[in-house]
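> Okay, here's the prediction I keep looking at, along with the sequence it came from:
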Amino acid sequence: MEIADKVKEIVSQQLDVDVAQIKPESQFIDDLGADSLAIVELVLAFEEQFEIDIPDEDTEKIRTVGDAISYISTRTKK
């Protein structure tokens, strides 16, 4: 499965949003209804799924689904 598809699947599960509504430009807080706790849970899910570490200072920079896909893509071995 592509990283983008897996990221969307995780976002869908964590935020209870239909995958069809999740676009690269979708902002976690403004568009998908995430709060700060949901963001933490999303980051933990990304770390576990992709076996990476996302430092707090980087978490603040990941605002959209596209940001997450780009960040994860540059840090995974795939």
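Okay, I see it.

> remind me which residues of the protein are low pLDDT?
77-78 (pLDDT under 70).

> ranges for the helices of it?
3-15, 36-50, 56-59, 65-75 (DSSP state H).

> closest to residue 23 out of the ones you listed?
Smallest distance to residue 23 across the helices of the chain (Cβ to Cβ): 6.7 Å, for helix 65-75. For glycine as for every other residue, the C-beta is placed from the backbone atoms N, C-alpha and C.

> Give me the buried positions along the closest one.
Neighbour-count burial for helix 65-75, with 16 or more other Cβ atoms under 10 Å as criterion, is recorded at 65-72.

> Report how many residues lie close to residue 44.
Residue 44 has 12 neighbouring residues, counting by other Cβ atoms under 10 Å.

> Residue 21 versus that one, what's the distance?
Residue 44 sits at a distance of 22 Å from residue 21 (criterion: Cβ to Cβ, to the nearest Å).

> Residue nearest the middle of the protein, spatially speaking?
residue 68 (4.6 Å; Cα atoms, centre = their mean).

> can you pull the contacts of that one?
If a contact means Cβ atoms under 8 Å, 6 or more residues apart in numbering, then residue 68 has 7, 11, 42, 46, 62 as its contacts.

> Report the two of the residues you listed separated the most.
Every pair of these checked by Cβ to Cβ; the farthest is 11 and 62, at 11.3 Å.

> Between those two, which has more neighbouring residues?
Neighbour comparison, residue 11 and residue 62: the larger count goes to residue 11, with 24 against 20 (by other Cβ under 10 Å).
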